[in-house]
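Peer 1: Structure of the sequence below:
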Amino acid sequence: MVKANAYGLGAAPVAKALAKAGADWFGVTCTAEGAELREAGICQPILLLTGFWPGEERRLLEYRLTPAITRCEQLCALERATARARCAPVAFHLKIDTGMSRLGISPGDVDCFARALADCPHLRLEGTFTHFASSEVFTAEQTELQEKFFAGALERLRGLGIQPGLVHMANSAALAARPSTWGDMVRPGAVLYGYHQFYDPPGRKAEIEEKLRLTPALSLRARLISLRDVAPGQGVGYNARFVARQPSRIAVLAAGYADGLVRGLTNRGSVIVRGQFAPLVGTISMDLAMADVTGIEGARVGDVATIYGVDGPAQQSVSDIAHTLGTVTSDLLCALGKRVPRFYLP
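Peer 2: Residues are numbered from 1 along each chain as shown. I've put the predicted structure just below:
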């Protein structure tokens, strides 16, 4: 999965590295993301997970993108475009909604799909998939029920004389902990970048992490660009949401929420400076943030503040911050701003 700019890390360079490592498919959300990969030289099949919008059919064919069909009527539009282009049968994947209640035909619509496909000689079903709503949750049976519904839909397809092709359903958590879901292909997302989900119950976390050991791919750092002494009672940042209680040394970081240092960390997060945690103080703004470095001896302009990563004995990952904010790791990864320089290490 390299959708959403490879979870904020840079779709083209990440896809190139993954292709070199042996990835044989890539997953994106839309035609624009698929076109970007083609223009970067990616040759592997590219699956558009959310399908296409009327009018995009020509672009699908131009960039050799594999669309997901999520509604029966999409087949007709794709068939017309393919027939006009006089190209070889175009491959697509069928998405079946088994409980997410988002995209995909319902298991009860398989017969409708079969009838529509019979009128589309220029199309070829290459794969069939579903998406799990809660594969990281082991205290409920939703995933097992989704597996059951999906198996029933596949059986119905075969009963109608339609081979489902590549069968895939496993996202990150299912890949890590549910081997029965692996099928012919898996769709790693956050785990691909070194991050596990928050499993329920939490006691499963250590067991799963031991079986699939991951190293976070991302370190995010910014420079200290200013230091100032703040007197007791003096406010810091917009709306003076932090007021110093004692003489304090406040550092200004060249990073804000436009760079991925999310505003929700105002007065509750930390960065690492010289191997020590420095609390974030005051409102995080678009371009800047402040940290209290009062207790960090020798802190000076030009020092590096580590937002995510390791500095000496101290470390914090994107997952740590996501847990603090009550969100998912992918949310914070996708918050990385376009202007943030990205350096890729071999």
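
Peer 1: what about the helices in the chain?
Peer 2: 3-7, 11-21, 31-39, 57-62, 74-85, 110-118, 142-159, 172-177, 204-211, 318-325, 329-333 (DSSP state H).

Peer 1: Show me the domain layout of this structure.
Peer 2: 3-211, 220-333 (automatic domain parsing).

Peer 1: Start and end of the last one, how far apart?
Peer 2: Right, domain 220-333. 10 Å (Cα to Cα, to the nearest Å).

Peer 1: Ok, which of the domains of the chain comes nearest residue 339?
Peer 2: domain 220-333 (6.9 Å; Cβ to Cβ). Where C-beta positions appear, they are placed from N, C-alpha and C, glycine not excepted.

Peer 1: Residue 268 and residue 283, how far apart?
Peer 2: 12 Å (Cβ to Cβ, to the nearest Å).

Peer 1: Comparing these two, which residue is more hemmed in?
Peer 2: residue 283 (20 against 12; other Cβ atoms under 10 Å).

Peer 1: Return the residues in contact with that one.
Peer 2: By Cβ atoms under 8 Å, 6 or more residues apart in numbering, the contact set of residue 283 is 237, 238, 239, 241, 242, 263, 266.

Peer 1: let's go with 10 Å and repeat that
Peer 2: Contacts for residue 283 (Cβ atoms under 10 Å, 6 or more residues apart in numbering) come out as 236-242, 256-257, 263, 266-267, 289-290.

Peer 1: now residue 258
Peer 2: 285, 286, 287, 288, 335, 336, 337, 338, 339, 340.

Peer 1: What about the nearest residue to residue 158 once chain neighbours are set aside, how many residues nearby?
Peer 2: Excluding the flanking residues, the one nearest residue 158 by Cβ to Cβ, 6 or more residues apart in numbering is residue 164, at 7.1 Å. By the criterion of other Cβ under 10 Å, residue 164 has 22 neighbours.

Peer 1: What residues does residue 310 make contact with?
Peer 2: Applying Cβ under 10 Å, 6+ apart, the residues contacting residue 310 are 216, 219, 272, 275, 316, 317.

Peer 1: Looking at these, state which has the most neighbours.
Peer 2: Top of the contacts of residue 310 by neighbour count (other Cβ under 10 Å): residue 272, with 24 neighbours.

Peer 1: Which positions are bridged to that one in the beta structure?
Peer 2: residue 277, residue 306 (DSSP bridges).

Peer 1: wait, doesn't it sit right on residue 320?
Peer 2: No - contact status for residue 272 versus residue 320: not in contact, 11.4 Å apart, counting by Cβ atoms under 10 Å.

Peer 1: tell me, what's touching the two both at once?
Peer 2: Contacts common to residue 272 and residue 320, judged by Cβ under 10 Å, 6+ apart, are residue 308.

Peer 1: mind listing what's buried in stretch 117-128?
Peer 2: Residues of stretch 117-128 classed as buried: 117, 120, 122, 123, 125, 126, 127, 128 (neighbour count, 16 or more other Cβ atoms under 10 Å).

Peer 1: Export these as JSON lines, with columns for pLDDT and distance to residue 294.
Peer 2: Below are these laid out as JSON lines (pLDDT from 0 to 100; distance: Cβ to Cβ, whole Å):
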{"residue": "117", "pLDDT": "97", "distance to residue 294": "68"}
{"residue": "120", "pLDDT": "96", "distance to residue 294": "69"}
{"residue": "122", "pLDDT": "96", "distance to residue 294": "69"}
{"residue": "123", "pLDDT": "97", "distance to residue 294": "66"}
{"residue": "125", "pLDDT": "98", "distance to residue 294": "64"}
{"residue": "126", "pLDDT": "98", "distance to residue 294": "60"}
{"residue": "127", "pLDDT": "98", "distance to residue 294": "57"}
{"residue": "128", "pLDDT": "98", "distance to residue 294": "59"}
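
Peer 1: State the pair within those that is farthest apart.
Peer 2: Counting by Cβ to Cβ, the most remote pair of those is 122 and 128, 19.0 Å apart.

Peer 1: Let me see the contact set for residue 144.
Peer 2: By Cβ under 10 Å, 6+ apart, the neighbours of residue 144 are 178, 180, 181.

Peer 1: again, but for residue 137
Peer 2: 143, 173, 197, 198, 199, 200, 201, 204.

Peer 1: which strands and helices sit next to the lengthiest strand in the chain?
Peer 2: Longest strand in the chain by number of residues (criterion: DSSP state E): strand 220-230. Here strand 220-230 touches strand 248-253, strand 270-273, strand 289-292, strand 304-311, going by 3 or more Cβ pairs under 10 Å, 6 or more residues apart in numbering; DSSP states H and E.

Peer 1: please redo it, this time with the cut-off set to 7 Å
Peer 2: Strand 220-230 sits against strand 248-253, strand 304-311, with contacts defined as 3 or more Cβ pairs under 7 Å, 6 or more residues apart in numbering; DSSP states H and E.

Peer 1: Any idea which of these gets closest to residue 83?
Peer 2: Closest among those, using Cβ to Cβ: strand 304-311, at 49.8 Å.

Peer 1: Now residue 58: closest residue in space, sequence neighbours ignored.
Peer 2: Nearest one to residue 58, counting by Cβ to Cβ, 6+ apart, is residue 81 at 6.2 Å.

Peer 1: Lovely, talk soon.
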